[in-house]
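Novice: Take a look and give me a structure for this.
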Amino acid sequence: LAPHAVLVQAKTYFGGGEWYSLDIDYARVASILRQANYRGYISLEMEGKETPTTAIPKSLDVLRKTPGCTGRAGTVGFCLGGKLAYLMATRSDADCGVSYYGVAIDAALNEASAITSPYLCHIAGKDKFVPAEAQAKIREALARVPTATVYTYDDCDHAFARAGGEHYDAAAAKLANGRT
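Specialist: Numbering: from 1, shown residues only. Here you go, the predicted structure:
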């Protein structure tokens with residue numbers, strides 16, 4: 001199946017897992033995939049007890065060292081993960097970052113000037129978790145960052161890009177995913 005697959009998702013467990021702990025030999029897994037002619041994308045999901053602001057950069061490092069990786073790696077996050085993608089844009093050497101309806105970004109806007117790589121922020125205009133005032137602050141702060149782009153989807157609610165979700169909006173999701 002490897003030659004026909006498009007995406008492989010793996011997890012990192014820095015600090016140990018909630019129910020178990022794994023020491024995965026990512027280089028070996030990547031070697032197996034390459035030998036099987038896998039040429040798709042690899043997604044690393046951070047899970048574990050270590051704080052995300054230290055575990056995610058470690059995950060980026062693992063991905064960058066994976067055979068076949070160009071050395072470039074970025075972050076994409078949804079909801080709380082959207083805030084983590086923002087924090088990685090401000091606190092790490094991620095090559096790019098994308099936030100989908102990130103919550104509580106407005107509480108860390110004092111870090112926005114640290115963004116040096118491309119960063120994309122998708123805001124749901126009717127997001128009940130990110131009030132209009134917070135959205136305005138995010139747009140205002142990121143407008144001063146040359147590498148940041150913000151798109152607001154005025155008629156959408158939180159999680160508009162989650163297929164099958166209560167607020168899924170196929171047209172807005174397609175637009176946001178295309179922009180990403």
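
Novice: so who does the residue nearest the centre of the chain touch?
Specialist: Computing the C-alpha centroid of the chain and ranking residues by Cα atoms, centre = their mean puts Val76 first, at 1.5 Å. Going by Cβ atoms under 8 Å, 6 or more residues apart in numbering, Val76 touches 85, 97-98, 100, 180. (Each C-beta comes from the backbone N, C-alpha and C, glycine too.)

Novice: Doesn't it belong to a helix?
Specialist: No. Assignment of Val76 by DSSP: H, G, I helix; E, B strand; the rest coil gives strand, placing it outside any helix.

Novice: how far away is it from Tyr100?
Specialist: 8 Å (Cβ to Cβ, to the nearest Å).

Novice: With Gly74 instead?
Specialist: 14 Å.

Novice: could the contacts of Val76 go into a markdown table alongside secondary structure?
Specialist: Output for these, formatted as a markdown table (three-state DSSP):
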| residue | secondary structure |
| --- | --- |
| Ala85 | helix |
| Gly97 | strand |
| Val98 | strand |
| Tyr100 | strand |
| Thr180 | coil |
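
Novice: which of those residues lies closest to Asp61?
Specialist: Gly97 (15.8 Å; Cβ to Cβ).

Novice: Any idea what that closest one is bridged to?
Specialist: Per DSSP bridges, the residues bridged to Gly97 are Thr75, Tyr119.

Novice: Now stretch 111-131: buried residues?
Specialist: 112, 115, 117-124, 127, 130 (16 or more other Cβ atoms under 10 Å).

Novice: where's stretch 87-98 relative to the chain centroid, distance-wise?
Specialist: In this view, stretch 87-98 has its centroid 9 Å away from the chain centroid, taken as Cα atoms, centre = their mean, to the nearest Å.

Novice: so how far is Ile56 from Pro67?
Specialist: With Cβ to Cβ as the criterion, Pro67 and Ile56 are 21 Å apart.

Novice: Give me the pLDDT for the closest residue to Leu109 other than its chain neighbours.
Specialist: Distances taken as Cβ to Cβ, 6 or more residues apart in numbering place Ala141 nearest to Leu109, at 4.2 Å, with adjacent residues excluded. Ala141 is assigned 98 on the pLDDT scale.

Novice: What about the chain, which residue is the most distant from its middle?
Specialist: Per Cα atoms, centre = their mean, the most distant residue from the centre of the chain is Gln35 (28.3 Å).

Novice: which residues of this structure fall in strands?
Specialist: Using DSSP state E, the strands of the chain run over 7-12, 41-46, 75-78, 97-100, 119-124, 148-153.

Novice: Just give me the lowest mean pLDDT stretch among the ones you listed.
Specialist: Looking at those, the weakest mean confidence is strand 7-12, a mean of 63.
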